[in-house]
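Enquirer: here's a sequence, model it:
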Amino acid sequence: MKQESAAGISFSPASDPLGHTAPLDQRAWFPLLGLPLEVRSNSAAVIAAAERSFGHWRQLEAQLIAPTDPLIVSIVVHPPTIGSPPAAVDNRQLKLTTHNSQLTTQFIQRVHGDCFIASSGANLLTARMDHGQALGFVTPDLLADDVHFRYHVLECLALLLASWRDRTPIHAAAVIHTRRVALLVGPSAIGKSTLCYACARAGFSLLAEDVVYVSLRDRPRLWGNPWRIHLLPDAPRLFPELADLSPRMLANGKRKLAIDVAGLGRAQPHYHADSAVVCLVRRHHGRASALAPIDPRAAVVALSRDLEAGFDLHSGARAVAETLAQRGAYQLALGDDLEGAVELLRELLESSRT
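Expert: Okay, here's the model as predicted:
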């Protein structure tokens, strides 16, 4: 018999206090990053949320879907335990790699070996990455908060599993022109998203604005999340057409303008690419933008050393960095002339066609 929460979430409850009898009869399948993913739950609301997070991946060409056992994310919706203490805030919490990069809510997360656990009050998450399986117990209230549920639970668990199956995440943005990719590497707040938007409005295609996943098996391939770009609230200063947009609070606690890439005309999103030129982005205040070739070894260092938490979980980072650097490496000094930086990238990608 279905149960409905005060938040309007319907689910099939377990008949035992531990939740192991909850029927996971609601299921959906998605080719996330080219990997089969199955989401299971005792609530249709979870499947609907999964469709919003991963449904667009069904457009991926069938030949790019790996013939492997599916990753499995099981989500049990259950009532909160009476008397549960409030979630504790831990400022040292692990910042796991997802489409939005950093978690800053009250989920306390830990990783050891291939085991992941997280908790927030009555919400519990766990994953065995080597096994390709994750399990979460979530309350109806969290599920009703669609943005946070998708970011902190569904996308966190699914991408964590995928990252252990030849989809190594790197902290970078990527834009495409003439079927060539510029991989924009740099720390947070350096201007990668702003540059991505400037490129998109100039006719480039977007692959990713913050995290790129790289697979090396069979042939190198880059995977992205090309549907939205998030900019700081003052972005209309550079892009007047954004003046009517209102910033919103994202699940990572940051206020950003969310721009739908599909609305940028020719800047069509791409799910994947097969090669890239690495560009290390550095700020160049008060000067014109400049682009110069650098020793590929500098790109390897930037992509594989001193990694932010979450990106350092993967032993294959060095191999990924060396593979990406083979196509060439440049330093992009991002000056005050954003359009100039876009034109430098355009010239680079047009001249490097093969």
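Enquirer: could you report the neighbour count for residue 29?
Expert: Other residues within reach of residue 29, judged by other Cβ atoms under 10 Å, total 13. All C-beta atoms are positioned from the backbone trio N, CA, C, and that covers glycine.
Enquirer: contact partners for the closest residue in space to it that isn't next to it in sequence?
Expert: For residue 29, ignoring the flanking residues on the chain, the nearest one in space by Cβ to Cβ, 6 or more residues apart in numbering is residue 38 at 5.3 Å. Taking Cβ atoms under 8 Å, 6 or more residues apart in numbering, we find residue 38 in contact with 27, 28, 29, 70, 71, 72, 73.
Enquirer: who wins for neighbours among the residues you listed?
Expert: Of all the contacts of residue 38, the most densely surrounded is residue 73 (29 neighbours; neighbours counted as other Cβ under 10 Å).
Enquirer: quick check: that one touching residue 155?
Expert: No: using Cβ atoms under 8 Å, residue 73 is not in contact with residue 155, being 9.8 Å away.
Enquirer: just the helices in this protein please.
Expert: For the chain, the helices defined by DSSP state H occupy 44-54, 140-144, 146-149, 156-162, 192-201, 296-304, 317-325, 338-351.
Enquirer: pick the one among the contacts of residue 38 closest to residue 340.
Expert: Each of the contacts of residue 38 was scored against residue 340 by Cβ to Cβ, and residue 71 proved nearest at 42.8 Å.
Enquirer: show me what the closest one is bridged to.
Expert: For residue 71, the beta-bridge partners under DSSP bridges are residue 37.
Enquirer: also residue 334?
Expert: residue 283.
Enquirer: now the angle from the strand ranked longest in the chain to helix 192-201?
Expert: Among the segments of the chain that qualify as a strand by DSSP state E, the longest is strand 168-177. In this structure, strand 168-177 runs at an angle of 30 degrees to helix 192-201, with axes from the mean of the first three to the mean of the last three Cα atoms, to 10 degrees as the basis.
Enquirer: list the neighbouring strands of strand 168-177 plus their orientation.
Expert: Partner strands for strand 168-177, per DSSP bridges, with pairing direction: strand 180-185 (antiparallel), strand 205-208 (antiparallel), strand 211-215 (antiparallel).
Enquirer: which one of these lies nearest to residue 171?
Expert: strand 211-215 (6.5 Å).
Enquirer: what count of nearby residues applies to residue 41?
Expert: There are 29 residues near residue 41, going by other Cβ under 10 Å.
Enquirer: isn't it up against residue 26?
Expert: Yes: under the criterion of Cβ under 8 Å, residue 41 is in contact with residue 26, at a separation of 4.8 Å.
Enquirer: overlap in contacts of these two?
Expert: With Cβ under 8 Å, 6+ apart, residue 41 and residue 26 have common neighbours residue 47.
Enquirer: circling back: what about the residue nearest to residue 29, distance to residue 69?
Expert: Taking Cβ to Cβ, to the nearest Å as the criterion, residue 38 is separated from residue 69 by 10 Å.
Enquirer: ditto for residue 107
Expert: 28 Å.
Enquirer: who has more neighbours, the two?
Expert: A direct count of neighbours by other Cβ under 10 Å for residue 107 and residue 69 places residue 107 higher, at 21 against 13.
Enquirer: what number of residues lie near the nearest residue to the more buried one once chain neighbours are set aside?
Expert: Counting by Cβ to Cβ, 6+ apart, residue 107 lies nearest to residue 120, which is 4.5 Å off, once chain neighbours are set aside. For residue 120, the count of nearby residues is 21 (other Cβ under 10 Å).
Enquirer: do you know the pLDDT at residue 120?
Expert: At residue 120 the predicted local distance difference test score is 91.
Enquirer: so what sits opposite it in the bridge?
Expert: Listed by DSSP bridges, the beta-bridge partners for residue 120 are residue 123.
Enquirer: which strand residues bridge residue 30?
Expert: Bridge pairing for residue 30 - DSSP bridges - gives residue 37.
Enquirer: show me what contacts it?
Expert: When contacts are counted by Cβ under 8 Å, 6+ apart, residue 30 is found next to 36, 37, 39, 50, 54, 55, 57, 58.
Enquirer: distance-wise, check it relative to residue 289.
Expert: Computed with Cβ to Cβ, the distance linking residue 30 and residue 289 is 39 Å.
Enquirer: out of the contacts of residue 30, who's nearest residue 345?
Expert: Out of the contacts of residue 30, the one with the shortest distance to residue 345 is residue 57. That distance is 27.0 Å, counting by Cβ to Cβ.
Enquirer: neighbours around the closest one, how many?
Expert: Neighbours of residue 57 under the rule other Cβ under 10 Å: 18.
Enquirer: could you measure it against residue 246, distance?
Expert: 29 Å.
Enquirer: if we can go back for a sec, deepest-packed of the strands paired with strand 168-177, please.
Expert: Compared across the strands paired with strand 168-177, strand 180-185 shows the largest average neighbour count, a mean of 27 (mean count of other Cβ atoms under 10 Å).
Enquirer: residue 325 is in contact with residue 303, isn't it?
Expert: Yes: if you go by Cβ under 8 Å, residue 325 and residue 303 touch, sitting 7.4 Å apart.
Enquirer: spit out the residues that contact those two alike.
Expert: The contact lists of residue 325 and residue 303 share residue 278, where a contact means Cβ under 8 Å, 6+ apart.
Enquirer: so where is the chain shaky, pLDDT-wise?
Expert: Low-confidence regions of the chain, defined here as pLDDT under 70, cover residues 6, 81-105, 251-253, 262-263, 265-269, 352-354.
Enquirer: how about a cut-off of 80?
Expert: 1, 4-7, 81-106, 248-254, 260-269, 352-354 (pLDDT under 80).
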